[in-house]
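Colleague: coordinates only, sequence not included:
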């Protein structure tokens, strides 16, 4: 008996080592891929910064002031757009709650404008309610009894013992 246990152990160890090595190499590959992606993003950002510095160095003080003002306006417009989007999302969450819909549907709503958001919620609500109704109908449909069968199981095939048991007379 002890010999059998010893035979099993050596076979398990290489498998466990192989699994551990595979997991480690998979994690290493994932880390390497993430590192390469981050390095590429950093290189792109650095390249953009160098291009902008080269552009700025060739500008006069007046051109630089105009460029900075335009850049501030762009940044401000982008911030306003993000704030408006957040406000529309908050409004959409309230509207979904008011209509009795799950808040997870907020991800399916468009936030371009208030009117677009409402139209999007209407479309999402219609699709959601149709899907729920279809699922309910499918569940309610169930399995229909075979033609000619009674609800009690046919009556003709019932033996005496089953009849008395169902009638509560128990024999």
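Modeller: Cool, got the structure. Here the structure is a predicted model, which means the values were calculated and not measured. Numbers count the residues shown, from 1 in each chain.
Colleague: now stretch 119-131: average pLDDT?
Modeller: The pLDDT scores in stretch 119-131 average 93.
Colleague: now that stretch: buried residues?
Modeller: 120, 121, 124, 125, 128 (16 or more other C-beta atoms under 10 Å). Using the backbone N, CA and C atoms, a C-beta is placed for each residue, glycine as well.
Colleague: just how off-centre is the helix or strand harbouring residue 130 within its chain?
Modeller: Applying DSSP states H and E as the criterion places residue 130 in helix 114-141. Relative to the centre of its chain, helix 114-141 is centred 18 Å away, using C-alpha atoms, centre = their mean, to the nearest Å.
Colleague: returning to that earlier point: okay if I get the buried residues of stretch 119-131 as TSV plus distance to residue 30?
Modeller: Compiled in TSV, the buried residues of stretch 119-131 are given as follows (distance: C-beta to C-beta, whole Å):
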residue	distance to residue 30
120	36
121	38
124	35
125	40
128	36
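Colleague: check contacts around residue 37.
Modeller: Neighbour list for residue 37: empty [criterion: C-beta atoms under 8 Å, 6 or more residues apart in numbering].
Colleague: what distance do you get for it to residue 81?
Modeller: 27 Å (C-beta to C-beta, to the nearest Å).
Colleague: kindly report the same for residue 168.
Modeller: For residue 168, the distance to residue 81 - C-beta to C-beta - is 74 Å.
Colleague: looking at those two, which one has more neighbours?
Modeller: residue 81 (11 against 6; other C-beta atoms under 10 Å).
Colleague: which SS class is the more buried one?
Modeller: helix (DSSP: H, G, I helix; E, B strand; the rest coil).
Colleague: pull the residues that contact stretch 79-87.
Modeller: residue 111.
Colleague: stretch 94-112 too?
Modeller: With C-beta under 8 Å, 6+ apart as the criterion, stretch 94-112 contacts 85, 88-89, 92-93, 116-118, 120-121, 124-125, 128.
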